[in-house]
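*Asks:* Predicted structure and sequence below. I'll ask about it afterward.
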Amino acid sequence: MNIEKTKVHFTDNYLINPTNPISVNLIGAGGTGSKVLTALIEMNHSLITLGHSGLSVRLWDDDSITEANLGRQRFAECETGLYKSVALINRANRWSGTNWKAETIKFEKDSLDRLPENASANIFISCVDSVKSRLEIADILQRLSYSRAYSNRPLYWMDFGNSQLTGQVILSTIGNIKQPNSEKYETVTNLPFVTEEFAELLKQSEAIDDTPSCSLAEALEKQDLYINSALTQMGCSLLWGLFRNGLTQNRGFFLNLKDFRSQPIPVN
């Protein structure tokens, strides 16, 4: 009798035993991105304590802090007018003694179709609010996938997306990740890009009105106060599991904060 094996994805070995800190490009420093950065600070400290090389984060965002960002995002009133990425990275470095970097530009190709400088990384985490931005990221990652560099080789893309009370986090591989032989599990080498597998979902979840909010009250009409925090904790728990467990049965989840339901997305 054939017994169906559980499908899993084993973490690329470089994330488990790196020769240098794992490079991370965090794209977007708003409601979700600002909280993901805090989670990465915690993750970095924990990994180093466990004998790992830790993380090296570069935060990308060309937006400046406004009064409407206070409260729901990780900013103080005294930071109004500063670049979001600079304010957050300065605070992270002062807090944890890291040397993480801020980029005050969008993560996108220039007018000559050239990739942004410092675009390469092992892990990409996108916290953006439009399908257009995700398609741009996907295009850049496809081009980076041909890189022959080892220490900065693109491996994973984790995308965070949400509407007012619902959201999703989806993990993708950048190309195929070599899997070990396993008698216990059925291994999966490739996790498709969110832009390929969930294109229609992205279009549906994209806000109809994407104009900037002029106040916190207006911003809360578009995104509930705690949807970003909930997604951040669950999504970063998935990333943490890749480091600590070395494999995952799930590549993400859907979350409905209105009735407190979450649905895992299995590896397949």
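*Replies:* Cool, the structure landed.
*Asks:* per-residue pLDDT, residue 220?
*Replies:* Each residue has a pLDDT score; the one for residue 220 is 53.
*Asks:* And the helices in the stretch 51-200 of the chain, which stretches?
*Replies:* Under the criterion DSSP state H, counting those that start in this stretch, the stretch 51-200 of the chain contains helices at 84-96, 131-144, 194-197, 199-205.
*Asks:* buried residues in the longest one?
*Replies:* By neighbour count, with 16 or more other C-beta atoms under 10 Å as the criterion, the buried positions of helix 131-144 are 131, 133, 134, 136, 137, 138, 140, 141, 144. Where C-beta positions appear, they are placed from N, C-alpha and C, glycine not excepted.
*Asks:* export these to a markdown table and tack on pLDDT and distance to residue 234?
*Replies:* Formatted as a markdown table, the entries for the buried residues of helix 131-144 read as follows, by pLDDT from 0 to 100; distance: C-beta to C-beta, whole Å:
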| residue | pLDDT | distance to residue 234 |
| --- | --- | --- |
| 131 | 91 | 22 |
| 133 | 94 | 22 |
| 134 | 95 | 19 |
| 136 | 96 | 25 |
| 137 | 97 | 21 |
| 138 | 96 | 23 |
| 140 | 96 | 26 |
| 141 | 96 | 23 |
| 144 | 93 | 27 |
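*Asks:* Any chance of TSV for those, columns distance to residue 249?
*Replies:* Below are these laid out as TSV (distance: C-beta to C-beta, whole Å):
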residue	distance to residue 249
131	28
133	29
134	25
136	31
137	26
138	25
140	29
141	24
144	27
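*Asks:* and which of these is nearest residue 159?
*Replies:* Minimum distance to residue 159 across those is 6.6 Å, recorded for residue 134 (C-beta to C-beta).
*Asks:* which ones are touching the closest one?
*Replies:* 126, 128, 159, 161, 194, 195, 202 (C-beta atoms under 8 Å, 6 or more residues apart in numbering).
*Asks:* Could you do residue 261 as well?
*Replies:* Contacts of residue 261 were listed using C-beta under 8 Å, 6+ apart, and they are residue 255.
*Asks:* hey, what's it bridged with?
*Replies:* When bridges are taken as DSSP bridges, the partners of residue 261 come out as residue 256.
*Asks:* can you map out the strands along the stretch 101-250 of the chain?
*Replies:* Secondary structure of the stretch 101-250 of the chain (DSSP state E, counting those that start in this stretch): strands located at 101-103, 123-126, 156-162, 166-173, 185-187, 247-248, 250-256.
*Asks:* So in that sheet, which strands flank the longest one, and in what orientation?
*Replies:* If you go by DSSP bridges, strand 166-173 pairs up with strand 156-162 (antiparallel), strand 250-256 (antiparallel).
*Asks:* So what touches it?
*Replies:* By C-beta under 8 Å, 6+ apart, the surrounding residues in contact with strand 166-173 are 9, 155-162, 189-194, 197-198, 201, 205, 227, 230-231, 234-235, 238-239, 248, 251-258, 265.
*Asks:* Let me see the contact set for the spatially most central residue of the chain.
*Replies:* Computing the C-alpha centroid of the chain and ranking residues by C-alpha atoms, centre = their mean puts residue 125 first, at 2.2 Å. For residue 125, the contacting residues are 24, 25, 26, 27, 33, 36, 157, 158, 159, 160, 239, by C-beta under 8 Å, 6+ apart.
*Asks:* I'm done for today, thanks for sticking with me.
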